[in-house]
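Q: Sequence below, structure please.
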Amino acid sequence: MRSGIAILCFCVVAGAAEIPAGAHVALQLVNTVDTRTAQVGDYVYLHTASPIASGGHILVPVGSYVQATVSRARRSGRVSGRAELAIRIETLTFPDGKEIRINPHLSSVDSAGSTQKVDAQEGDVKQGPGHDADAERVATIAGTGAAIGGMAEGSWSAAGIGGAAGAGVGMAVVLLTRGKEVELRQGTTVDVVFDRAVPIE
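A: Numbering: from 1, shown residues only. Coordinates of the predicted model:
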């Protein structure tokens with residue numbers, strides 16, 4: 001009799017439960033996705049790395065399966081244009097196989113040693129500008145050219161010519177090289193936020 005009452009109470013609580021608006025959950029990438037190869041419609045697989053709890057109950061346990069799709073992917077340009085990646089989170093599957101539709105937005109993402117981060121207005125992941133790295137690359141190659149020119153001719157004018165040539169080579173390298181891509185590697189953690197409550201029926 002007691003076990004029957006316990007089961008009945010659990011069913012009532014579970015039927016009335018919902019993921020509250022404003023809830024955060026950490027999701028971990030199961031597969032790698034990046035702007036170098038991603039196409040709109042590609043699947044992205046994740047699982048919950050933290051639970052969702054409300055009212056003293058765990059509503060979504062760690063290890064629940066999440067599926068998303070790529071909704072926009074843009075490669076980094078050679079001269080201008082930063083890499084952008086947007087994913088749409090669509091379903092949440094519980095360990096018992098129960099599936100619900102969800103649509104939280106990205107709040108933050110691991111930088112993976114780069115300047116990529118979530119754009120708060122658009123909700124996608126964007127790579128930071130690479131102007132500093134480009135300038136450093138041009139300066140390095142120009143310096144190398146100046147050193148080689150100076151050693152070859154033994155004069156400051158030759159060093160100047162070598163530096164100019166090196167700068168030209170450096171600029172050509174920059175123009176022919178794309179900037180960094182957005183990359184969400186396997187194991188990367190993203191934080192998502194629910195904009196509205198989602199019933200767990």
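
Q: Who does the residue nearest to His24 when sequence neighbours are not counted form a beta bridge with?
A: Distances taken as Cβ to Cβ, 6 or more residues apart in numbering place Val193 nearest to His24, at 5.5 Å, with adjacent residues excluded. Placement of C-beta: from N, CA and C, glycine included. Judged by DSSP bridges, the bridge partners of Val193 are His24, His105.

Q: can you pull the contacts of Val193?
A: Val193 is in contact with 22-24, 104-105, 107, counting by Cβ atoms under 8 Å, 6 or more residues apart in numbering.

Q: And for Ala68?
A: Ala68 makes contact with 43-46, 87-90, according to Cβ under 8 Å, 6+ apart.

Q: That one falls within a strand, correct?
A: Yes - counting by DSSP: H, G, I helix; E, B strand; the rest coil, Ala68 is part of a strand.

Q: Which parts of this protein are helices?
A: Remark: helices assigned in the chain by DSSP state H are 2-16, 131-153, 156-176.

Q: least reliable of those going by mean pLDDT?
A: Sorting the helices of the chain by mean pLDDT places helix 2-16 lowest, at a mean of 41.

Q: Now do the domain split for the chain, please.
A: 2-128+179-199, 131-176 (automatic domain parsing).

Q: ok, for Ser108, nearest residue in space, not its chain neighbours?
A: Asp191 (4.5 Å).

Q: hang on, isn't Arg88 packed against Ala73?
A: No - judged on Cβ atoms under 8 Å, Arg88 makes no contact with Ala73 at a distance of 12.0 Å.

Q: Between those two, which is the more surrounded one?
A: Using other Cβ atoms under 10 Å as the criterion, Arg88 and Ala73 rank with Ala73 on top: 23 against 15.

Q: Excluding covalently adjacent residues, which one is nearest to that one?
A: Closest to Ala73 by Cβ to Cβ, 6+ apart is Ala38, at 4.0 Å.

Q: about what we covered before: buried ones among the contacts of Val193?
A: Among the contacts of Val193, those classed as buried by neighbour count (16 or more other Cβ atoms under 10 Å) are 23, 104.

Q: Quick check: of the contacts of Val193, which lies closest to Pro129?
A: Ser107 (22.0 Å; Cβ to Cβ).

Q: low pLDDT regions in this protein?
A: 1-16, 78-80, 130-178 (pLDDT under 70).

Q: hmm, 50 instead?
A: Residues of the chain that meet the criterion pLDDT under 50 lie in 1-15, 131-139, 141-142, 144-150, 156, 158-159, 162-163, 166-167, 169-176.

Q: and the nearest residue to Gly123 once chain neighbours are set aside, what does it touch?
A: Distance criterion Cβ to Cβ, 6+ apart; nearest residue to Gly123, sequence neighbours excluded, is His105 at 4.7 Å. Neighbour list for His105: 123, 192-193, 195 [criterion: Cβ under 8 Å, 6+ apart].
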